[in-house]
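# Below: sequence and its predicted model.
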Amino acid sequence: MQESILVGVVDTPASRRAVEWAAHRANERLSRVELLSVVGGAIGTVGEGAVVAEAISLTQTLLEREAERVRAHGVKVDTLVARGNPVDELISASMVWDLLVIGSDFRGDHASARSIRHGLRVAAGAHCPVVVVPDIDLAGRRGVIVGVDGSPVSGKLIDFAAAEAARAGDPLTVVNTWVTVPLPLNMSAYPADYLSGMQKVTEEALTDSLAGISRLYPQLEVHRVVERGYAATVINRLARDARLTVIGSHGRGAIARFLLGSTSQEVLSSPSTVTVLVR
């Protein structure tokens, strides 16, 4: 199915990877692509006009350079320079697109990264799924990882991830984790039946979440991972060999939509692979 893709563009290696990812996807799906850059910071001081005009000119040059890279994939692309707050402009623009793609300066476990605060705000507030592309070479990777927790959004996450995996002929790994309540001071260890019960309940929740997937995608290879531990840690560990991770946001309403859960925030802060936040 054809989809529309909006790419937030800045002059960084991570952004160039995001553009490349979008171009490949658009070529496969005959998608419509727009590259958007935002020139902000204007406050109306004397002499500011010339500075802003030069910034817009340089930004237009940047967008045209990136657009040529997209066209090299046989994809039609539009460009737009907007004025204002970059986070607000991307969030507003996302209302009429199927996917918003942005880059992340994260370059792997042993590399430093610049601030991801703005990227997290965009991901939290966007009206469509957000694809975060890290500054990592993902050549040769296979597989789609999806994290679920038995909540209503889990079905939507699995549907999205299964479709992505089936389309590429990749295996799908569905992850659900559990954690214990704090150990009371008068106890030296958790009862074995409590731990086994937590594992069993989590496995059952995962089975419920997967109901119907085998019928929709009979050829899809599905792996189930149920572990004790923090979801973000397990997801990022498994994602080191995967080409895509799918996670969810539980945000609802005008205020809640701008808040990411701890798992989503931790995964997006240090993504091991291309990561999609689905609402």
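In hand now; what should we look at?
# Backbone dihedrals for residue 77, please?
Phi and psi for residue 77, reported as degrees, to the nearest 10, are phi -150, psi 140.
# How about the one 3 residues further on?
Listed backbone geometry of residue 80 is phi -150, psi 130, with angles given as degrees, to the nearest 10.
# Show me what it bridges to in the sheet.
residue 36 (DSSP bridges).
# Quick check: residue 269 vs residue 105, distance?
Separation of residue 269 from residue 105 (CB to CB, to the nearest Å): 11 Å. Every C-beta, even on glycine, is put in place using the N, C-alpha and C of the backbone.
# now the farthest one out in this protein, which residue is it?
Relative to the centre of the chain, the most outlying C-alpha is that of residue 186, 42.6 Å out, by CA atoms, centre = their mean.
# What pLDDT does the model give it?
With respect to pLDDT, residue 186 has a value of 88.
# and what of residue 115?
51.
# With residue 62 instead?
Per-residue pLDDT puts residue 62 at 97.
# and it, what element?
Assigned by DSSP states H and E, residue 62 belongs to helix 48-71.
# Let me have that helix in PDB, keeping just the CA atoms, if that works.
The C-alpha trace of helix 48-71 is given here as PDB (Å, rounded to 0.1, in the frame of the first residue of the first chain):
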ATOM      1  CA  GLU A  48      18.200  39.700  11.900                       C
ATOM      2  CA  GLY A  49      16.600  39.700   8.400                       C
ATOM      3  CA  ALA A  50      19.800  39.200   6.600                       C
ATOM      4  CA  VAL A  51      20.900  36.400   8.900                       C
ATOM      5  CA  VAL A  52      17.500  34.600   8.500                       C
ATOM      6  CA  ALA A  53      17.600  35.100   4.700                       C
ATOM      7  CA  GLU A  54      21.000  33.500   4.500                       C
ATOM      8  CA  ALA A  55      19.900  30.600   6.800                       C
ATOM      9  CA  ILE A  56      16.900  30.000   4.500                       C
ATOM     10  CA  SER A  57      19.100  30.000   1.400                       C
ATOM     11  CA  LEU A  58      21.600  27.500   3.000                       C
ATOM     12  CA  THR A  59      18.700  25.300   4.100                       C
ATOM     13  CA  GLN A  60      17.200  25.300   0.600                       C
ATOM     14  CA  THR A  61      20.500  24.200  -0.700                       C
ATOM     15  CA  LEU A  62      20.700  21.400   1.900                       C
ATOM     16  CA  LEU A  63      17.200  20.200   1.000                       C
ATOM     17  CA  GLU A  64      17.900  20.200  -2.800                       C
ATOM     18  CA  ARG A  65      21.100  18.200  -2.200                       C
ATOM     19  CA  GLU A  66      19.200  15.600  -0.200                       C
ATOM     20  CA  ALA A  67      16.300  15.600  -2.700                       C
ATOM     21  CA  GLU A  68      18.800  14.700  -5.400                       C
ATOM     22  CA  ARG A  69      19.800  11.600  -3.300                       C
ATOM     23  CA  VAL A  70      16.200  10.600  -3.100                       C
ATOM     24  CA  ARG A  71      15.500  11.100  -6.800                       C
END
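# What residues sit buried inside it?
55, 59, 62-63, 66-67, 70 (16 or more other CB atoms under 10 Å).
# Likewise for stretch 231-247?
Buried residues in stretch 231-247 (16+ other CB under 10 Å): 231-232, 234-236, 238-239, 242-247.
# Quick check: what element follows the worst-scoring helix or strand of the chain on mean pLDDT along the chain?
Sorting the helices and strands of the chain by mean pLDDT, DSSP states H and E puts helix 253-256 at the bottom, at a mean of 45. Sequence-wise, the next helix or strand downstream of helix 253-256 (DSSP H and E) is helix 262-269.
# packing partners for that next one?
With contacts taken as 3 or more CB pairs under 8 Å, 6 or more residues apart in numbering; DSSP states H and E, helix 262-269 sits against helix 117-125, helix 231-239, strand 244-248, strand 274-278.
# And these: which comes nearest residue 151?
Residue 151 sits nearest to strand 244-248 of all the helices and strands packed on helix 262-269, at 7.8 Å, using CB to CB.
# Neighbouring strands of the closest one in the sheet, and parallel or not?
Sheet pairing for strand 244-248, using DSSP bridges, gives strand 144-147 (parallel), strand 274-278 (parallel).
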